[in-house]
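J.: just to be clear, the model below is a prediction. Sequence and coordinates:
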Amino acid sequence: MRIRTQLSVTLACVTLSLSGCDSGVNGRPTPSTTSFLTPSATATLDNPMPKTLPLIRLDCKPIDMTSIPASHTTIVESIALETRPANGFLRVADNLAIGWNGNVRYFAKTAIGSRDGAEWTLTVPTDLAGEIAIGWGSPAIPSMEVNSPTCTTPLKSAAGWSWWPGGIWAARPGCYELHATSKTGTQVVKLAVGQRC
């Protein structure tokens, strides 16, 4: 009976291998963590990220309209970015393992918030071209610059903030700078992608 149970678990794991199952403890399947990297992980790319990427503007379809969570910081009084993640860094998934398109290796999923009615620009520094890309929206498109939405009907939420899915694509884990600009000025923000800053 024990052999039959172990065989059933093994066959289930083979069937679910694309979902990241391993044999676990005592014959019980457990989720695989191989898609997520430790802070010391590095990558080698056969094909580097393109250095020329589109500039995008957020769409008018936010996924949520809530106040700013504790993990996020307000930048140039207009953008909310996750600068204080729970583990001290944004978790990154191996793009190739989870089926993301493109040549870039890692993706850190993190939402962006925009103050309703604010105008801003968030850019990747030119010296990081080919190293990282940013993108939010539905769908999120890797880009070198993201701009605030311009909607025919202005976004208005009770909390005064709207949110979009997306994140950061990176050639390797690192502490990356982004430049934010709004009417209030310019600010450099550091994001811990896969490792602490």
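T.: Great, that's in hand. Numbering: from 1, shown residues only.
J.: which residues touch residue 168?
T.: 90, 107, 108, 110, 132, 133, 134, 176, 191, 193 (Cβ atoms under 8 Å, 6 or more residues apart in numbering). Quick note: C-beta positions are derived from backbone N, CA and C, even for glycine.
J.: run the last query once more with 10 Å
T.: 81-82, 90, 92, 104, 106-110, 124, 132-136, 140, 142, 176, 178, 191, 193-194 (Cβ atoms under 10 Å, 6 or more residues apart in numbering).
J.: can you check residue 189 too?
T.: 73, 75, 76, 79, 81, 83, 122, 176, 177, 178, 179, 180.
J.: now name the helix or strand holding it.
T.: Here residue 189 sits within strand 185-193, counting by DSSP states H and E.
J.: output that strand as CSV, nothing but the C-alphas.
T.: The C-alpha coordinates for strand 185-193 follow below in CSV (Å, rounded to 0.1, in the frame of the first residue of the first chain):
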residue,chain,number,x,y,z
GLY,A,185,10.8,68.3,-8.6
THR,A,186,13.1,65.3,-9.3
GLN,A,187,14.0,62.4,-7.0
VAL,A,188,16.2,59.3,-7.2
VAL,A,189,14.7,56.2,-5.7
LYS,A,190,16.5,52.9,-5.1
LEU,A,191,14.6,49.6,-5.5
ALA,A,192,16.0,46.3,-4.1
VAL,A,193,15.4,43.8,-6.8
